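Asks: give me coordinates for this.
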Amino acid sequence: MRLHGLLSFPLTPFTEDGKVNLTVLADHIAQQLAAGPSGLFVACGTGEFTSLSMQEYRDVLGTAVRVAAGRVPVFAGTGGGPQLARDFAVAAAEAGADGLLLLPPYLVSSTPAGLVEHVRFVAEATSLPITVYQRANAVLDPAAAVALLDVPTVAGIKDGRGDVSAMLRLVTAIRTSGHPRAAEFGFLNGLPTAELSVQAYQAIGIESYSSAVLCFVPDIATAFFRAVSTGDADTVQALLAAFYLPFVALRDLVPGYAVSLVKAGARLEGLDVGSVRPPLVDPTPAHVERLAEVIDAGRAALRRLRHAA
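Replies: This next block holds a predicted model:
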């Protein structure tokens, strides 16, 4: 299942007493679908996968599958230790998910060949297509990437490391491997605020990317995606300067803001997604105020661009 274009990674809303808010989740997913992504990745990093119980996970996925109603594929996060990752994979299949995003194994570091065996072990649990998330302690080399082609349900690699040179080696190794699945194998740019790196990844043949910004300012996210796709350099530069670079500067101030700042943005936009769960922390009032300013600046730039057009 090779995806193309902009990908949505919805938040997981919580109530004031800390429970999953499925009503708000349904509204959030409906809004994401209206923005036109090519796929939904539910209960992944932005969706606070590691904080969910198994029952919460099932409820979140069930809601996403119901609201999506087959309009776009729904991918589910899975991860942790190998057996736990298998359990979540089975639950995702039972909930009707169309595919899996396999997060790095919990804490344990190994070799690239060992990572392939971890992927193979999880893949044996279901027939769902799997995208392997490369980041942290899950790092592939060209030989390991090619070996993934022999796992029939592994459909692609999502990169969260940001080493474009290393990714070029993986892409080239797979595309020139001569394997029957080499041409259909997918690659995704999964860096936090991937809009900053999308042009570099496009240059090595990776056009699809995840957009956390889509969760709270879909107008800016979709305008940026259209500009990148059509080669509209003026719009790309204007939105980078007015919105994306200031947003990333704010995001980088505190570990975990890649999720909690996005959730704060959704609250500013009127969606009652609640707080993040520990160990993540909510942004300070001053940082939320700065976020509101960044959103306003981004939309002002978008208005100027539309007026000029």
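
Asks: hang on, Val171 packs against Phe187?
Replies: Yes - under the criterion of Cβ atoms under 8 Å, Val171 makes contact with Phe187 at 6.0 Å. To be clear about C-beta, it is placed using only N, CA and C from the backbone, and glycine gets the same treatment.

Asks: overlap of the contact sets of these two?
Replies: Residues touching both Val171 and Phe187 by Cβ atoms under 8 Å, 6 or more residues apart in numbering: Gly205, Ile206.

Asks: hey, where'd the strands end up in the stretch 151-300 of the chain?
Replies: 154-159, 186-189, 208-211 (DSSP state E, counting those that start in this stretch).

Asks: mind putting those into TSV with mean pLDDT, mean neighbour count and distance to Val20?
Replies: Output for the strands of the stretch 151-300 of the chain, formatted as TSV (pLDDT from 0 to 100; neighbours: other Cβ atoms under 10 Å; distance: least, Cβ to Cβ, whole Å):
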stretch	mean pLDDT	mean neighbour count	distance to Val20
strand 154-159	97	24	24
strand 186-189	96	23	26
strand 208-211	96	24	22
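
Asks: for those strands, which one sits closest to Val24?
Replies: Nearest to Val24 among the strands of the stretch 151-300 of the chain is strand 208-211 (20.0 Å), distances taken as Cβ to Cβ.

Asks: show residues contacting that closest one.
Replies: With contact meaning Cβ under 8 Å, 6+ apart, strand 208-211 is reached by 3-9, 37-38, 41, 158, 186-191, 194-195, 197-198, 201, 221, 225.

Asks: and that strand, C-alpha only, in PDB?
Replies: In PDB, the C-alpha atoms belonging to strand 208-211 read as follows (Å, rounded to 0.1, in the frame of the first residue of the first chain):
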ATOM      1  CA  SER A 208       4.800  11.800   0.900                       C
ATOM      2  CA  TYR A 209       5.100  13.300   4.300                       C
ATOM      3  CA  SER A 210       3.300  13.400   7.700                       C
ATOM      4  CA  SER A 211       1.900  16.800   8.800                       C
END
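
Asks: next one: that strand to chain centre, how far?
Replies: 7 Å (Cα atoms, centre = their mean, to the nearest Å).

Asks: can you tell me the strand partners of that strand and which way each runs?
Replies: Strand partners for strand 208-211, identified by DSSP bridges, are recorded as strand 6-8 (parallel), strand 186-189 (parallel).

Asks: of the ones you listed, which is nearest Val273?
Replies: The nearest among these, by Cβ to Cβ, is strand 6-8 at 14.4 Å.

Asks: picking up where we left off before, take the strands of the stretch 151-300 of the chain and write them to TSV, including distance to Leu107.
Replies: Formatted as TSV, the strands of the stretch 151-300 of the chain follow (distance: least, Cβ to Cβ, whole Å):
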stretch	distance to Leu107
strand 154-159	20
strand 186-189	24
strand 208-211	24
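
Asks: hang on, Pro37 packs against Leu7?
Replies: Yes - look at Pro37 against Leu7 with Cβ under 8 Å: they come within range, at 5.6 Å.

Asks: give the contact list for Ala301.
Replies: Applying Cβ under 8 Å, 6+ apart, one finds that Ala301 lies in contact with Ala238, Leu239, Ala241, Ala242, Phe243.

Asks: name the SS class of it, please.
Replies: Of the three states, Ala301 takes helix under DSSP: H, G, I helix; E, B strand; the rest coil.

Asks: any idea how far it lies from Tyr244?
Replies: From Ala301 across to Tyr244, the span is 10 Å (Cβ to Cβ, to the nearest Å).

Asks: cool, Leu196 as well?
Replies: Distance from Leu196 to Tyr244, counting by Cβ to Cβ: 6 Å.

Asks: what pLDDT is listed against Leu128?
Replies: With respect to pLDDT, Leu128 has a value of 98.

Asks: could you report the neighbour count for it?
Replies: 20 (other Cβ atoms under 10 Å).

Asks: hang on, it packs against Ala91?
Replies: No - Leu128 is beyond contact range of Ala91, at 11.1 Å (criterion: Cβ under 8 Å).

Asks: just to revisit the earlier point, closest one to Pro112 among the strands of the stretch 151-300 of the chain?
Replies: When these are compared by Cβ to Cβ, strand 154-159 sits nearest Pro112, at 12.0 Å.

Asks: got the CA coordinates for the closest one in PDB?
Replies: C-alpha atoms of strand 154-159 as PDB (Å, rounded to 0.1, in the frame of the first residue of the first chain):
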ATOM      1  CA  VAL A 154       6.300  -4.700   4.800                       C
ATOM      2  CA  ALA A 155       5.100  -1.900   2.400                       C
ATOM      3  CA  GLY A 156       7.500   0.900   3.200                       C
ATOM      4  CA  ILE A 157       9.800   2.900   5.500                       C
ATOM      5  CA  LYS A 158       9.000   6.100   7.300                       C
ATOM      6  CA  ASP A 159      12.100   8.100   8.200                       C
END
